Structures are given as C-alpha cells and as structure tokens.
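Trainee: below is the sequence, then the predicted model.
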Amino acid sequence: MSEKNRDGKRTARERLAADREKQKAAEKRRRALIVGASVVCVLGLAAVIGVVAANAGKDKGGESAGPVVAPSGAQGKDSLAVPVGKDGAKATLTVWEDFRCPACQAFEAAYRPTLHELTDAGKLRIEYHLVTLIDGNLGGTGSRNAANAAACAQDAGKFRDFHDVLYENQPKETDDAFAGNAKLIELAAKVDGLNTPAFRKCVEDGTHNSWVVKSNEAFRAAKFGGTPTVLLDGKNIYQDQTMTPAKLTQLVEDANKA
C-alpha cells in the first residue's frame, strides 16, 4: 500500500472518529440541558430565599377560594389528571409539570414530537398533573394562573394545543408574566377556536384555581423530587440518564406488544 493511500485511510478514520465525538458531545449537551434545568426547578427554593422573603406578603398561588371545580374530562383520584390520548392505550405516561418550570419546557422541546406521535397512534395515554412549584419558590401566581387557563382550555377540548403554546411562549423563570390573565388570553388566540367568551370568563374568574391548588397539594403529598416528574406505567423514567425519545418509543412499543 502506498504512503498516500495509508494517509488517506488514516485521515478518513480520524474524520469518522471526530464525527462520533461530535455526536456524543451533542447528546451530552441535550441531556445536560434537561437535567440542568431540572436542578433549577428542584433547588430553586434554596437559591431564592431572599426573593421569597421579599414577596412574603404577596399571593404565591398557594391560597385559593371557592369550590374545587375539575375541568371537563379530568380523571384519576380526585379528578386531578388531564388525559391526552385514548383510554384504551396500553402504556400510560404520568407527567407532573409547572408551566413556569424551565426543565418542563426542556422536556417538552425534546419529547413533544414523540409524545404526539405515540398518543395520536393510540399507543400512549398521558395524564397531566399541573402544579405550582415555581410560584412557591419565587412568589407570584403565574404557575397557578397558567394551569387554570390550561384547565379552561380542557373545558373547550383544546388542552393539548394550549399546553404546547404555553411552553412555546414560556417567560423566564423569574418573570411572572403568566400571572396576567390578559397574557394568557392573548396566547389563547394562537389556538383555533379557543379564545371565546366562555374561555375568557373561565380564565378571569379563576374557575379552576382551587383545583390547581389541590393538584399541587397532591404533588407535595407524593414527595416527588421536582418538576417535571415523568412516570411510565409508574416507573420514573425522567431520572434515567440514558432515556431518549427513541428509547421511550421502544418502551411504549414493547408495552403494546405485551
């Protein structure tokens, strides 16, 4: 073999090795994004004690008034789960989430196409539980008000679409923009047929506020570590550092074969 050929093969091998390293680095960054954001949601309280103290006299979303009104179609214990997908699906994903939580947004960005595909195919059913972790950590009512608005969207049969819009337009964690009902109604205009008088009244009246608070109490009682908490048929898959959309798809496919 000529020296030139040997050099060419060595260069090709080096390029392949470099490409593999780039792919590994990209995957590592993707996982670090999700895991790192989760730490913010979990440990936020310790980092913002001063902020919480400064907001001690303000509504943090923990208080509620009025009856507990579950949104239409809510299921599970105390009707705290908003279902997406067919009831007969053989795999169930339980998601505890906060619309102000950056880790929840990161999870959505990474997994949303896969979740849509699996639910639309009838292979996966998702049960969403809405909580107010960031309101408790940073003060404000954005988590609660966004969750109430999402419940109002569920009443209109538009939960998934509005759920996605909220994450696509999530403000910075320290910006309580979702506390403003006008902002939530503005975002509802991005979902066809949602911004109706009935929806606006539901949002402005805080119809489901007490239900959101009850959901958050269930989250705390379960002693979950933070948001998002993602359980596939009861097993916490969010803590699995090897989890990817492809692996989740395979797990769901396996459940449907059983």
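Mentor: Yep, that arrived.

Trainee: touching, A74 and A81? I think so.
Mentor: Yes - using CB atoms under 8 Å, A74 is in contact with A81, at 6.3 Å. Where C-beta positions appear, they are placed from N, C-alpha and C, glycine not excepted.

Trainee: can you list the buried residues in stretch 157-168?
Mentor: Going by neighbour count (16 or more other CB atoms under 10 Å), the buried part of stretch 157-168 is K158, F159, R160, D161, F162, H163, V165, L166, Y167.

Trainee: residues contacting stretch 243-258, please?
Mentor: Under the criterion CB atoms under 8 Å, 6 or more residues apart in numbering, residues 27, 90-91, 110-111, 113-114, 117-118, 123-124, 232-233, 237 lie in contact with stretch 243-258.

Trainee: show me the helices in the stretch 1-150 of the chain, by range?
Mentor: For the stretch 1-150 of the chain, the helices defined by DSSP state H, counting those that start in this stretch cover 3-47, 49-54, 102-120, 133-138, 142-155.

Trainee: which one of the contacts of stretch 243-258 has the most neighbours?
Mentor: L124 (28 neighbours; other CB atoms under 10 Å).

Trainee: distance of it relative to R100?
Mentor: 26 Å (CB to CB, to the nearest Å).

Trainee: correct me, but G73 touches A156?
Mentor: No - if you go by CB under 8 Å, G73 and A156 don't touch, sitting 10.9 Å apart.

Trainee: neighbour count winner among those two?
Mentor: A156 (20 against 13).

Trainee: could you look up the SS state of V191?
Mentor: On the three-state scheme (DSSP: H, G, I helix; E, B strand; the rest coil), V191 is labelled coil.
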